[in-house]
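Engineer: Fold the following.
(one chain, ligands or ions: 2)
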Amino acid sequence: MKTLIKNVRALLPDGTTPLTNIMIDRDKIAAIGEVPDGFRAAKVIDGTGKFAVPGFINAHTHASMTLFRSYADDMNLMDWLNNMIWPAEAKMQEEDIYWGAMLAAVEMIEGGTTTFADMYGPYMEKVAKAANDAGLRAVLSRGIIGVAPDGDAKIEENVSLYKDFNGAADGRITVMFGPHAPYTCPPDFLKKVASTAQSLGAEIHIHMAETKAEVEQIVKEYGKRPFRYVEETGLFDGKGTLAAHCVHLDDEDIAIIKKHAIRVAHNPGSNMKLASGIAPVPRLLKEGVCVALGTDGASSNNNLDMLEEINLAAMLHKVSTLDPLAVPARTALKMGTEYGAKAVGLTGVGKLEVGCKADITLFDMAGAAWYPRNDLASQLVYSAHADSASTVLVDGRVLMEDGELLTLDKERIFYEAQKCAERLTK
Ligand SMILES: N[C@@H](CCSC[C@H]1O[C@@H](n2cnc3c(=O)[nH]cnc32)[C@H](O)[C@@H]1O)C(=O)O
Ligand SMILES: [Zn+2]
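Structural biologist: Numbers count the residues shown, from 1 in each chain. Ligands and ions are numbered 1, 2, ... in the order given. From the prediction side, this is the model:
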């Protein structure tokens with residue numbers, strides 16, 4: 001099917017925002033510019049007054065944790081995990097994982113997100129079902145707590161997830177392996193995850209160097225910092241690694257990140273809310289590291305609003321370095337789109353460019369925040385909000401048009417998610 005988005009301002013990879021037309025053929029962007037004579041669109045979207053950007057890519061989340069939104073706020077990470085979250089998660093059934101992920105899908109599409117990288121479990125097949133039902137693109141991993149008694153079984157769950165879902169939903173779903181973190185995965189366990197993932201050619205999604213306490217615990221236990229500890233298990237020797245957080249880094253850690261071309265998912269909202277710290281993003285970008293953006297779970301943010309995360313990335317590093325030129329608007333947008341695609345292991349995604357997937361978000365420029373029309377990329381980052389998102393396409397399919405969700409029954413999802421949350425958190 002051919003779709004034409006006509007007369008739209010579009011954020012192109014070179015940072016320009018011309019008034020143009022976007023021609024879509026099935027799942028890909030076929031042309032940008034003048035409408036070719038022979039192009040007959042089955043669907044025409046009027047882009048007048050709209051700003052088209054690549055769909056946002058949430059490079060690190062735990063989608064079904066929407067059920068725990070504001071269930072446990074204002075706590076430190078280990079207290080939060082040990083005393084509130086893990087006990088509640090232990091009760092989760094298939095319907096919880098599914099409806100939590102569906103609630104995440106509503107929030108992500110309404111905020112202009114088209115891809116999410118998820119680390120969770122059990123029942124990751126239900127997150128795959130939710131992504132498929134919603135029409136989203138998803139990079140899934142089974143979060144594996146190695147110190148738990150059933151750690152080996154969770155590796156097998158990740159193997160099944162990979163074999164059953166890598167490439168599923170017309171290629172919209174891919175699968176990584178998700179060893180949770182250095183402090184929950186002992187050396188031999190990480191070696192087992194490494195060899196299993198490498199035998200399948202699968203990539204890794206792991207929390208790394210999130211808090212000072214983590215670094216201190218690993219140094220105390222193994223006599224080395226988290227990145228060196230994990231490197232020595234061989235986990236970084238496979239196809240590639242997506243490392244979430246990377247807050248507390250020294251020069252040696254950054255050298256390891258560069259040596260293994262590890263991609264970083266920066267979660268400013270979560271890092272601020274859990275008081276984890278401020279990742280050295282300007283330094284990492286300067287050193288050529290791929291730095292993307294993630295919301296983390298909706299229980300440590302507490303929303304899945306990628307435009308907010310892009311704004312936080314652009315603001316936090318200016319004040320933390322006292323440099324008003326740190327992480328400019330267009331860089332923050334690339335972190336939430338183009339760099340996000342690379343971070344989660346996807347090619348041909350994350351840019352408004354011919355041949356790329358037609359994963360596109362249109363922002364409605366009707367509100368005051370969009371006037372006067374000055375620099376639209378800057379206005380998106382520094383003044384607009386997610387509720388300006390009006391139309392979202394993934395793989396060329398319209399998932400939301402003029403604010404109306406076309407693949408999801410919002411009211412049913414709210415009802416079911418509320419029911420699940422009440423049972424889990426009573
Ligand atoms: N509890 C389940 C799922 C583990 S996967 C991912 C885990 O990461 C946890 N998590 C969420 N956000 C963070 C974070 O910022 N740092 C560390 N862990 C987190 C989340 O609560 C979940 O327990 C099981 O054991 O099978
Ligand atoms: Zn996380």
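
Engineer: and stretch 77-93, which residues are buried?
Structural biologist: In terms of neighbour count (16 or more other Cβ atoms under 10 Å), stretch 77-93 has its buried residues at 77, 80-81, 84-85, 88-89, 92. Quick note: C-beta positions are derived from backbone N, CA and C, even for glycine.

Engineer: Which of those fall within helices?
Structural biologist: Among the buried residues of stretch 77-93, the residues falling in helices (DSSP state H) are 77, 88-89.

Engineer: ok, back up a step: now for the buried residues of stretch 77-93: which two are most distant?
Structural biologist: The span of the buried residues of stretch 77-93, defined through Cβ to Cβ, is set by Leu77 and Met92 at 19.8 Å.

Engineer: OK, contacts around Arg283?
Structural biologist: Contact analysis of Arg283 by Cβ atoms under 8 Å, 6 or more residues apart in numbering lists Ile254.

Engineer: element containing it, please.
Structural biologist: Under the criterion of DSSP states H and E, Arg283 resides in helix 281-286.

Engineer: Pull the distance from that helix to the chain's centre.
Structural biologist: Remark: helix 281-286 is offset 19 Å from the chain centroid, using Cα atoms, centre = their mean, to the nearest Å.

Engineer: and the protein, which residues reach ligand 1?
Structural biologist: 62, 81, 85-86, 89, 119-122, 143, 145, 148, 180-181, 207, 210, 270, 296-297, 300 (Cβ under 6 Å from any ligand atom).

Engineer: In PyMOL, how would I select just the buried ones from these?
Structural biologist: The following PyMOL line selects those of these that are buried, judged by 16+ other Cβ under 10 Å:
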select buried, resi 62+81+85+89+119+120+121+122+143+145+148+180+181+207+210+270+296+297+300
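
Engineer: follow-up on the earlier one: single out whichever of the ones in helices among the buried residues of stretch 77-93 has the smallest pLDDT.
Structural biologist: Ranked by pLDDT, those bottom out at Leu77, which has 83.

Engineer: The helix or strand that Val398 is a member of pairs with which strands, parallel or anti?
Structural biologist: Take DSSP H and E as the rule and Val398 turns out to sit in strand 397-401. Taking DSSP bridges as the criterion, strand 397-401 forms sheet pairs with strand 389-394 (antiparallel), strand 404-405 (antiparallel).

Engineer: and among these, the most buried is which?
Structural biologist: Here the criterion is mean neighbour count by mean count of other Cβ atoms under 10 Å, and of these the winner is strand 389-394, at a mean of 25.

Engineer: and Glu308, how far is that from Pro122?
Structural biologist: Counting by Cβ to Cβ, to the nearest Å, the separation of Glu308 from Pro122 is 30 Å.

Engineer: no, scratch that, I was asking about Glu404
Structural biologist: 33 Å.

Engineer: Likewise for Lys163?
Structural biologist: In terms of Cβ to Cβ, Lys163 sits 17 Å off from Pro122.

Engineer: can you list the residues that contact the lowest-mean-pLDDT helix or strand in the chain?
Structural biologist: Within the chain, confidence by mean pLDDT, DSSP states H and E is lowest for helix 77-79 among all helices and strands, at a mean of 85. With Cβ under 8 Å, 6+ apart as the test, helix 77-79 has contacts from 210-211, 213, 274, 276.

Engineer: And for the closest residue to Leu325 other than its chain neighbours, the neighbour number?
Structural biologist: In this structure, Leu325 finds its nearest non-sequential neighbour in Lys318, 7.8 Å apart by Cβ to Cβ, 6 or more residues apart in numbering. Other residues within reach of Lys318, judged by other Cβ atoms under 10 Å, total 16.

Engineer: List the residues that contact Lys318.
Structural biologist: Per Cβ under 8 Å, 6+ apart, neighbours of Lys318: 324-327.

Engineer: Which parts of the stretch 151-300 of the chain are strands?
Structural biologist: Here the stretch 151-300 of the chain has its strands, by DSSP state E, counting those that start in this stretch, at 173-179, 204-208, 241-245, 263-266, 291-293.

Engineer: Contacts for the fourth one, please.
Structural biologist: Under the contact criterion Cβ under 8 Å, 6+ apart, strand 263-266 has outside partners 59-60, 117, 240-246, 257, 279, 281, 284, 289-294, 313, 335, 342-344.

Engineer: domain ranges for this structure?
Structural biologist: The chain resolves into domains spanning 2-54+356-403, 59-343 when parsed by automatic domain parsing.

Engineer: Quickly compare those domains and say which is most buried.
Structural biologist: Counting by mean count of other Cβ under 10 Å, domain 59-343 has the highest mean neighbour count of these, with a mean of 21.

Engineer: How far off centre is that one?
Structural biologist: Using Cα atoms, centre = their mean, the offset of domain 59-343 from its chain centre is 8 Å.

Engineer: for Ala168, what are its contacts?
Structural biologist: Counted by Cβ under 8 Å, 6+ apart, Ala168 has contacts 128, 132.

Engineer: Please tell me how far it sits from Val175.
Structural biologist: 9 Å.

Engineer: do Ala101 as well
Structural biologist: Using Cβ to Cβ, we find Ala101 at a distance of 15 Å from Val175.

Engineer: per-residue pLDDT, Phe116?
Structural biologist: Value for Phe116, per-residue pLDDT: 99.

Engineer: cool, and Pro18?
Structural biologist: pLDDT, Pro18: 98.

Engineer: what are the phi and psi values for it?
Structural biologist: Note on Pro18: its backbone torsions stand at phi -70, psi 160 [degrees, to the nearest 10].

Engineer: contacting residues for it?
Structural biologist: 9-10, 12.

Engineer: If we use 6 Å, what do you get?
Structural biologist: With Cβ atoms under 6 Å, 6 or more residues apart in numbering as the criterion, no residue contacts Pro18.

Engineer: Then Leu11?
Structural biologist: Leu11 neighbours (Cβ under 6 Å, 6+ apart): 17, 53, 377.

Engineer: With Asp237 instead?
Structural biologist: Counting by Cβ under 6 Å, 6+ apart, Asp237 makes contact with nothing.

Engineer: Doesn't Thr20 lie inside a strand?
Structural biologist: Yes. Assessed with DSSP: H, G, I helix; E, B strand; the rest coil, Thr20 lies in a strand.

Engineer: Quick check: bridge partners of it?
Structural biologist: Val8.

Engineer: for the closest residue to Asp323 other than its chain neighbours, what are its contacts?
Structural biologist: Distances taken as Cβ to Cβ, 6+ apart place Pro282 nearest to Asp323, at 7.3 Å, with adjacent residues excluded. By Cβ under 6 Å, 6+ apart, the residues touching Pro282 are 317, 321, 326.
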